[in-house]
Each structure stands twice: as structure tokens, then as C-alpha cells.
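> with the sequence up front, the predicted model follows.
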Amino acid sequence: MEKGQYVIGIDYGSDSVRSVLVNAKNGKEVSSSVFNYPRWEKGHFCDPANNQFRQHPLDYIEGLTVTIKDCLAKAPGVDASEIKAIAVDTTGSTPVAVNEAGIPLALLPEFESNPNAMFVLWKDHTAVKEAAQINAHAATQPINYLQYCGGIYSSEWFWAKLLHVLREDEQVRNACYSWVEHCDWIPFLLTGATHIETMKRSRCAAGHKALWAEEFGGLPPNEFFSSLDPLLDGVTARLFTETYTSDESAGTLSAEWAEKLGLSTDVQIGVGAFDAHMGAVGGQIEPYYLSKVMGTSTCDILVAPTTDIHGKLIKGICGQVNGSVIPGMVGLEAGQSAFGDTYAWFKQILAWPLNQLLEQSSVIDAHTAAALKEEILRKIIPVLSEQAALLPKQLDDEVAIDWFNGRRTPDANQELKGAFLNLDLGSDAPRLFRALAEATCFGAKNIVNRFIEQGIPVKGLIGIGGVAKKSPYIMQMMADVLNMPIRIHQFEHTCALGAAMFASVVAGIYHTVEDAMVGMGSGFDAEYLPIPENVSFYEQRYPLYTSLGEYIEQN
């Protein structure tokens, strides 16, 4: 009997990691597994009031082991020898300090409880000051090293986070040999590499977050960083010059990890990338269609032929990098710093009395209280959506600004805050929820408008992620606000599917990423079309959003 050809795609999200075992011949999911990060779930090493969000590498390692073994256990008809490759995507920029062997410092006994020795999650904004200094410093240089990342450097990114950690923690500073993205470290770990110089750095991560550019021949020179702060002197020599697209192999599975996972050492490990970039491939992106990965935040990806982008610099986005999504095309990235997080925040506000009263209740036992709480929390957003959809639309309805975690695009500014306008005593929970949903959709419109203003057409949208799959109310509003159709990809774990597609190319099952998208793509299961009367209404409402945003930004 002919053996099958299977691949594993691994998607590291903000709250959990999921692995998907996929038949590379047709893209069908054989099995999947999700692992919630236990330390993160308990709030360890985080300080939301100070915008500190750190994740322990053990959460990643444990999740990697559990989900892959679980996938294999759920697929008894698949022999280990039939697994040909593994590829990984992660959040980003989510970097960590490592020693010369490439080991994250938090895995060393002396740093195991030090947040500065852990991965600095994408939404950690402790480096706002450093980002502002990078922007001011770049403006004084004869070469604009920010020109390929939209012209503004963000506190969510590689260099700002590195400088903040080096300034903040002398012990970590003395032990830090290099600074590594999460998506680069996992393949390095799986291949059993033992020196940081052998790490294959992702083109996607390096180009969009670390100021690497083909046009500069790599990173900006050491003088750029040492004149910014002497603490950065010599760091570039311990980083990288070359970068790799994710259709390339980082090596094969090490003997240690092969034994741990029950796989062969012949398994190819692909070069990593960020979740939204691989998710765009999993969602079967096409040139000039905006792929929106809608989870806690959004990451918006558009690809265009290199000949179309030649000579164009798109201002205020999160980078334009050749090969960051599909080799041979330029990947353009944008996004919103809070999307699902905005709704989650509102849900927590509404749930606060419930949590407090149930904990203090003497009427029901703890087990019943916990079950009741879980059921109510699960229903809050769906019921709010149902009720908000029934409300009449009026031009003077409540207005909100979606910058609850700062603004990513256009024109990154993580110090901005969210807001409400037009509140009165009739402003109830469904009305406030509607204003938040509208704000996130208007934020998406701002991004589309920026692309169009800069000469990049947007033909339509591809929706990916939890919000896209679970909220018809928000997706219809998005189509109406943008006056564009939105196709929703049917695969549940689209980012992991994209990773699996890259794995199939790395394994040689498909020659190109485009071939893998055709052979493994599962298509779309829903499409939202603009409703003309709603389009007209939101066109009149949109200036209220922009004027409120301008007021907040100027005051």
C-alpha cells in the first residue's frame, strides 16, 4: 500500500497553541489539538496596568509536546514515517533574550521567574519610550531606516523591546547574547541546534519588525544603534545578515525531539513566520485581497507582485517585505492592536458584578457557581450581538474609538486610548457593544483607506480567525462599513493550515506555496455582501469616528 504524505502545522497564538495534522495531498484535517498556556492562563509574569505581557518558554515547550503527541494519538491510521514535515507560526513581534547556545534565559535556573528573561508578547507596550526614541533618532539619520516599515517604529516590535529590557534589567543585560523571535526559536529548538549563529532567521519577522531590508543589505549598521544607546553597541554582530523565506528548511527533527514526539529524524522543519502571514496563505490569499486575521487583535496582510510595488513606499503600515508571505511577492502588513480584545474587555466589565457576587454567595456551592459563571460568560457576546442587531440605526448613536491597546495602523501610536461619545442615560449594554463593534469596523476602514490612498488597490477581504468564524453580526457590519464583500475561510485553524502548506513545500510535496494553496486549500464557507442602505448609513457615521479620533490624538 502506498504510504501517505502528512504534515503538521503549528500555530502559536496569544492564549494557546494548536497543532493540526493534515493530509498534504488534499489539505484535509486528520486531527488537531489545542493547549492553553497554563502560566499565562493564571496571569503569571503579566502586569496589565503597566502594559506588561510576558510568556514563559515552558508554556511553549509543553504545548508543542502535548499537541503534537495528541494529534498523533488521534490519528491511529497514520504511521509516524508518513509525517514528512513540520512548520510553525507564532505571534509577533514576540522576542526573547537568549544565551550563546540559543537558550531563552528563562529556562536557566537563575532567570526562571524573571519576566525580563521571558518572551515579550506582541501586545506588551512597556517599550513606548524606546519606540519614540527610535523614531526621533531615525529622523536625524542621512538614510531613513524606517522607510520599509511604514515610517514609524512601534513599541510592539523587536528593537524597542530589546532596548527596554536591556535598560530595565542589568542581570538580563549581562547574560543576553542575542535577541530572538518566537517564530525563529521553535524551529531552532526542534532541529536541536546548539549555537545561535546557526539559527535561520525568518524573512517575515526580520523585515516587518527588525528593520532588515534587502535594499540595505541587511540590518541598519551598528552605528545607527550604538548612537541611539551605547547598550546596543555590537548587538547587530550577534544577530543576523541573511534571512530565509518559509518555503525553506531550517533542518531536520533532532534525535531528542524525534524520540520525545515519536517521529522520525527525517522530518523536515520549516523556517518559521508570523501567524497572520502563514494564515494568509492558509486562507488562500490572492493579490490585492486583504486577508484579515481577526483574533485578539487583527493582522491584515496584502500581497502584490514585486513589479507593482517597485518604487512605492507605503506610509503608516507595518512593513513591506519581499517574500514575507509568498516568495516572489511583496507582503504588506497592517493591523489593529485590539479587536477581539475590545469585546473581551467589555465582557469583563459586564461580568465584574457576576464574578464578585457568585464568589460571595452563600446560596449555591462553589462548583455550581463556577458552572453558572462559565455558562453566562459564554453567552454574553452572542446575546449582545443579537440585541445590538435589533437596535434602530440613528446618526447620533453612541460612538466609540477602538484604541484600547493603542493604534497599530495607520500610523502606529501605542499611547493612544479608547473612548466613547454621545452617552446618555439610555446608553445600555447592547448600544455600547454596538458602538465598539462599529469602532473596530471603522478602524478596519482606516486601514483600507490608507492602502488605497497610497496607490494600493483593495479588491475585497478574506476573513480568518475566531471573530470571523463566530460573529456574523460583526462580519456583516464590516462588509457594510467597508462596502466590500468579505469571504470567510472555512478551515477552523487557518493559520495552522497555512503552516501545514509551508511544511508541504519544505517536504517537497509541492514545488511552490501557490501550488500548495491550490492542492490543500479548503475554500470558503460564507460570504458577506454589503447591504446598500447600511453602506449609506455608515458613510454618514464614519466622519464622527474620525473627528473623535482626531480630537483624542491632539489632546
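Cool, the structure landed.
> how far away is residue 113 from residue 488?
Between residue 113 and residue 488 the computed distance is 42 Å (CB to CB, to the nearest Å). For the C-beta atoms, the positions are set from N, CA and C on the backbone; glycine is no exception.
> and for residue 299?
In terms of CB to CB, residue 299 sits 16 Å off from residue 488.
> same deal with residue 456?
23 Å.
> about what we covered before: same drill for residue 113 and residue 488, tell me which one is more crowded.
In terms of neighbours (other CB atoms under 10 Å), residue 488 is the more surrounded of residue 113 and residue 488; the figures are 21 against 12.
> surely the more buried one meets residue 463?
Yes: taking CB atoms under 8 Å as the definition, residue 488 is a contact partner of residue 463 at 4.5 Å.
> between those two, what contacts are shared?
Contact criterion CB atoms under 8 Å, 6 or more residues apart in numbering; residues shared by residue 488 and residue 463: 469, 475.
> could you find the closest non-adjacent residue to residue 540?
Of all residues not flanking residue 540 in the chain, residue 395 sits nearest, at 5.9 Å (CB to CB, 6 or more residues apart in numbering).
> and for that neighbour, the neighbour number?
When neighbours are counted by other CB under 10 Å, residue 395 registers 9.
> then residue 222?
14.
> how near is the residue most central in space within the chain to residue 318?
The residue lying closest to the centre of the chain (CA atoms, centre = their mean) is residue 91, at 4.3 Å. Distance of residue 91 to residue 318, given as CB to CB: 13 Å.
> which residues of the stretch 151-300 of the chain fall in helices?
With DSSP state H, counting those that start in this stretch as the criterion, the stretch 151-300 of the chain has helices at 158-168, 170-175, 182-190, 203-209, 222-226, 255-261, 275-282.
> bridging residues for the residue nearest to residue 322 when sequence neighbours are not counted?
Nearest residue to residue 322, sequence neighbours excluded (CB to CB, 6+ apart): residue 330, at 5.3 Å. Partner residues in beta bridges with residue 330, using DSSP bridges, are residue 304, residue 322.
> need the contact list for residue 330.
Residue 330 touches 303, 304, 305, 306, 308, 309, 320, 321, 322, 324, counting by CB under 8 Å, 6+ apart.
> which stretches of this structure have low pLDDT?
Along the chain, the model assigns pLDDT under 70 to residues 1-2, 361-363.
> which residues sit against stretch 424-438?
By CB under 8 Å, 6+ apart, the surrounding residues in contact with stretch 424-438 are 342-343, 346, 350, 384-385, 387-388, 390-391, 397-400, 402, 420, 473-474, 477, 481, 538, 541, 545.
> still on that earlier bit, looking at the helices of the stretch 151-300 of the chain, which is buried most?
Highest mean neighbour count of the helices of the stretch 151-300 of the chain: helix 275-282, a mean of 33 (counted as mean count of other CB atoms under 10 Å).
> which other helices and strands contact that one?
With contacts taken as 3 or more CB pairs under 8 Å, 6 or more residues apart in numbering; DSSP states H and E, helix 275-282 sits against strand 6-12, strand 83-90, strand 289-294, strand 298-305, strand 329-336, strand 460-464, helix 494-506, helix 513-520.
> in a markdown table, list these along with distance to residue 129.
Listed next are those as a markdown table, based on distance: least, CB to CB, whole Å:
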| stretch | distance to residue 129 |
| --- | --- |
| strand 6-12 | 28 |
| strand 83-90 | 26 |
| strand 289-294 | 29 |
| strand 298-305 | 24 |
| strand 329-336 | 22 |
| strand 460-464 | 34 |
| helix 494-506 | 32 |
| helix 513-520 | 39 |
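> closest to residue 164 out of those?
Smallest distance to residue 164 across the helices and strands packed on helix 275-282 (CB to CB): 20.1 Å, for strand 83-90.
> tell me which helix or strand comes right after the closest one.
Counting by DSSP states H and E, the next helix or strand C-terminal to strand 83-90 is strand 95-98.
> same for that next one, what does it pack against?
Against strand 95-98 (3+ CB pairs under 8 Å, 6+ apart) you get strand 119-120, helix 158-168, strand 178-181, helix 182-190.
> burial of residue 451, as a residue count?
23.
> could you do the one 5 residues further on as well?
If you count neighbours by other CB under 10 Å, residue 456 ends up with 21.
> give me the distance between it and residue 155.
In this view, residue 456 and residue 155 are 25 Å apart by CB to CB.
> cool, and residue 42?
Here residue 42 is placed at a distance of 25 Å from residue 155 (CB to CB).
> settle it for me: which of the two has more neighbours?
More neighbours surround residue 155 than the other of residue 42 and residue 155, with 25 against 9 (other CB under 10 Å).
> for the residue nearest to that one when sequence neighbours are not counted, which residues are in contact?
If the residues on either side of it in the chain are set aside, residue 155 comes closest to residue 131, at 4.0 Å by CB to CB, 6+ apart. Contact analysis of residue 131 by CB under 8 Å, 6+ apart lists 153, 154, 155, 157, 160, 412, 414.
> which residues touch the nearest residue to residue 293 once chain neighbours are set aside?
Of all residues not flanking residue 293 in the chain, residue 276 sits nearest, at 4.2 Å (CB to CB, 6+ apart). Residues in contact with residue 276 (CB under 8 Å, 6+ apart) are 291, 293, 299, 300, 301, 333, 335, 495.
> most surrounded residue in the residues you listed?
Within these, most neighbours by other CB under 10 Å means residue 495, with 33 neighbours.
> where's residue 280 relative to residue 485, distance?
From residue 280 to residue 485 the distance is 17 Å (CB to CB).
> wait, I meant residue 199
Per CB to CB, residue 199 is found 41 Å from residue 485.
> same check on residue 314?
In terms of CB to CB, residue 314 sits 23 Å off from residue 485.
> cool, and residue 210?
35 Å.
> and those two? Which one has more around it.
Comparing residue 210 with residue 485 by other CB under 10 Å, the one with more neighbours is residue 210, at 25 against 15.
> just give the closest residue to residue 515, not the sequence neighbours.
Excluding the flanking residues, the one nearest residue 515 by CB to CB, 6+ apart is residue 505, at 7.7 Å.
> oh, that last question was meant for residue 480, not what I typed.
Nearest residue to residue 480 in three dimensions, chain neighbours excluded: residue 534, at 3.8 Å (CB to CB, 6+ apart).
> likewise for residue 372?
Distance criterion CB to CB, 6+ apart; nearest residue to residue 372, sequence neighbours excluded, is residue 358 at 6.8 Å.
> tally up the residues packed near that neighbour, please.
With other CB under 10 Å as criterion, residue 358 counts 18.
> check residue 312 too.
Residues within reach of residue 312, counting by other CB under 10 Å, total 13.
> residue 101 too?
Here the number of neighbours of residue 101 (other CB under 10 Å) works out to 10.
> Three-state assignment for it, please.
Recorded secondary structure, residue 101: coil (DSSP: H, G, I helix; E, B strand; the rest coil).
> that one touches residue 198, doesn't it?
No: counting by CB under 8 Å, residue 101 stays clear of residue 198, with 10.4 Å between them.
> now the terminal residues of stretch 252-266, how far apart.
6 Å (CA to CA, to the nearest Å).
> repeat for stretch 42-56
Length of stretch 42-56, first residue to last, CA to CA: 12 Å.
> contact partners of it?
Residues outside stretch 42-56 that contact it (CB under 8 Å, 6+ apart): 37, 39-40, 94, 106, 113, 115-116, 118-121, 123-126, 128.
> just the buried members of the residues you listed?
Neighbour-count burial (16 or more other CB atoms under 10 Å) is assigned, among these, to 37, 39-40, 94, 106, 115-116, 118-121, 123-126, 128.
> which non-adjacent residue is nearest residue 447?
residue 334 (4.7 Å).
> quick check: bridge partners of the one you found?
Residue 334 has these beta-bridge partners by DSSP bridges: residue 300.
> that one touches residue 408, doesn't it?
Yes: contact criterion CB under 8 Å: residue 334 and residue 408 qualify, at 7.3 Å.
> all good on my end, thank you.
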